[in-house]
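Chemist: quick one, structure for this:
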Amino acid sequence: MLIGIGYLPRRTGPALWQAFDAAEIADDLAHIADLGFQAVRVPLFWADFQPQPERIRPATLDAFGRFLDLAHHHGLRVRAGLWTGMWDGALWWPDWGVLPAPLPPSWPLIVDGKWVRWGRVRHPCTDERMLQARPVLVRELVAFYRDHPALLGWEPLPGLGRLTAAIPTETAMAWLQSTVEALIEAAPGRDVTVLLAADALEGRPTLWPDEVLTAGAQPSLSVATFASDRRRLPLNTRWIAFLLDLTAALAGRPVALHLAGLPTDPTGGKGLASEGVYYAAEEEAAVHLAEVLALARQRRCPELWVWRWADIPPSLWEQPPYDYPTWRRYTGLLRWQEHTWREKKLVEALKMPVSVAFPPLDVDSEAYRHDPAGQFNRLWADYQRHA
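Modeler: You can find the predicted model right below:
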């Protein structure tokens, strides 16, 4: 099983490409490799790479090449979030992808480093301008770095599952199939991953996991392990086992798991609940993450991606999306303490000897597709009794 981690630099954070700091990144990647990680997942913020629909920014393109070189030097692979997209609970979007309209955005929206309070997002799967802009990065970036040894693969339009929630399945499928074909033609041998939100499985998702496979991509379960929107069950590994088994059954094969991890108590204390989010004590967070790692191995997940490399430093707390809600600041393996970075006890999970024992979930895929909500409730109730 490949174990990776979501990456933004400790100091520059989401300004990674705008203020590329090779020394900072080299230090981070060396530390990440020393902890035993094999890969990093990094966002290619769309506006940073493509400031206009028909134009790329050469300096940012070069920075990505330098990032790949640094990763390769430290023995790490890179999964790149192309056309990012949803990241850290917000949609980072180019200004040319927003229509001026007296409407609230469909998602928490960031343009030019600021929250957008009104305006209509041009949908990446249906809007003509967005569709015409799509091939530019495929041609200029994907094809250019196709043979780089550090490149693991692409994650087109991070948050695709959420972004396609309100469009017809046929439209989403056509976009995904054409995108995967273009990526594979431009960079043969590099895989394509699509994140599917766990909460979408409670209803009829726009794309089922096996439909993602049909399109030529690999489905991955995206689940915030600190709490479910529906269950509010912090530190509940049984919930993760249930969702993994359900997704694998619907895919017909084991799937990768993304966003393993949770926010920790910012004071370093015993854990606290605030505004519907549980901030775990570092010790219990480590045990939970170790259980999730053991579960992923047991369920033969091809990949597991820990949420974030480092907490957001105080210097960035006033910048979106870290100004509110505050839990986004504290999901890393490193914490900012006394003017320096320190490893949380969370890193102990990477080598903690833990075993888990959850029964496999028996799912009738066809019955589930006919009544997702009813089947979900029944399966979860049964699983709680037997697990």
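Chemist: for the closest residue to R299 other than its chain neighbours, give me its contacts.
Modeler: Distances taken as CB to CB, 6 or more residues apart in numbering put L244 closest to R299, at 5.2 Å, once the chain neighbours are dropped. To be clear about C-beta, it is placed using only N, CA and C from the backbone, and glycine gets the same treatment. Contacts for L244 were tallied using CB atoms under 8 Å, 6 or more residues apart in numbering; they are 221, 255, 257, 295-296, 299, 301.
Chemist: could you measure from the closest residue to P209 other than its chain neighbours over to T331?
Modeler: Distances taken as CB to CB, 6+ apart place A251 nearest to P209, at 3.6 Å, with adjacent residues excluded. A251 sits 26 Å away from T331, going by CB to CB, to the nearest Å.
Chemist: among the contacts of L244, name the ones in strands.
Modeler: When the contacts of L244 are checked against strands using DSSP state E, the ones located there are 221, 257.
Chemist: export the contacts of L244 to a markdown table and append columns for distance to G269 and pLDDT.
Modeler: Shown next, in a markdown table, are the contacts of L244 (distance: CB to CB, whole Å; pLDDT from 0 to 100):
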| residue | distance to G269 | pLDDT |
| --- | --- | --- |
| L221 | 31 | 93 |
| V255 | 35 | 97 |
| L257 | 28 | 95 |
| L295 | 27 | 94 |
| A296 | 29 | 95 |
| R299 | 33 | 95 |
| C301 | 32 | 97 |
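Chemist: who's in contact with D95?
Modeler: Taking CB under 8 Å, 6+ apart as the contact definition, D95 lies against 47, 111-112.
Chemist: tell me which of those residues fall in helices.
Modeler: A47 (DSSP state H).
Chemist: could you dump the contacts of D95 to JSON lines with distance to H123 and pLDDT?
Modeler: Below are those laid out as JSON lines (distance: CB to CB, whole Å; pLDDT from 0 to 100):
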{"residue": "A47", "distance to H123": "17", "pLDDT": "97"}
{"residue": "V111", "distance to H123": "15", "pLDDT": "95"}
{"residue": "D112", "distance to H123": "20", "pLDDT": "93"}
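Chemist: let me know the closest of the contacts of D95 to T193.
Modeler: Within the contacts of D95, the smallest distance to T193 is 22.1 Å, found for A47 (CB to CB).
Chemist: which of the helices or strands spans the residue nearest to R299?
Modeler: Here L244 sits within helix 237-251, counting by DSSP states H and E.
Chemist: ok, R335 next?
Modeler: Element membership of R335 [criterion: DSSP H and E] is strand 332-337.
Chemist: each with direction, which strands does that strand pair with?
Modeler: Taking DSSP bridges as the criterion, strand 332-337 forms sheet pairs with strand 308-310 (parallel), strand 340-343 (antiparallel).
Chemist: redo these as JSON lines? Include mean pLDDT and mean neighbour count.
Modeler: Conversion of those to JSON lines gives the following (pLDDT from 0 to 100; neighbours: other CB atoms under 10 Å):
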{"stretch": "strand 308-310", "mean pLDDT": "96", "mean neighbour count": "23"}
{"stretch": "strand 340-343", "mean pLDDT": "94", "mean neighbour count": "13"}
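Chemist: now do the same for P188: its pLDDT.
Modeler: Taken from the predicted model, the pLDDT recorded for P188 is 97.
Chemist: how about the contacts made by it?
Modeler: Counting by CB under 8 Å, 6+ apart, P188 touches R146.
Chemist: and A241, by the same measure?
Modeler: Each residue near A241 by CB under 8 Å, 6+ apart is listed here: 295, 299, 356, 358, 361, 387.
Chemist: H148 now?
Modeler: With contacts defined as CB under 8 Å, 6+ apart, H148 is in contact with 65, 68, 72.
Chemist: and the last one, what helix or strand is that in?
Modeler: Spelled out, it's H72. Per DSSP H and E, the secondary structure element for H72 is helix 58-73.
Chemist: who's in contact with the helix or strand following that helix?
Modeler: Later in the chain than helix 58-73, the nearest helix or strand by DSSP H and E is strand 77-84. Under the contact criterion CB under 8 Å, 6+ apart, strand 77-84 has outside partners 2, 4, 38-46, 64, 67-68, 71, 87, 92, 124, 134, 137, 141-142, 150-158, 183, 193.
Chemist: what does the pLDDT read for A387?
Modeler: Here, the pLDDT recorded for A387 equals 69.
Chemist: what's around L201, how many residues?
Modeler: Residues contacting L201 under the criterion other CB atoms under 10 Å number 22.
Chemist: which strands or helices does the helix or strand of the chain with the lowest mean pLDDT pack on?
Modeler: Each helix and strand of the chain was given a mean pLDDT (mean pLDDT, DSSP states H and E); the minimum falls on strand 271-274 at a mean of 82. For strand 271-274, the elements it packs on are strand 277-280, judged by 3 or more CB pairs under 8 Å, 6 or more residues apart in numbering; DSSP states H and E.
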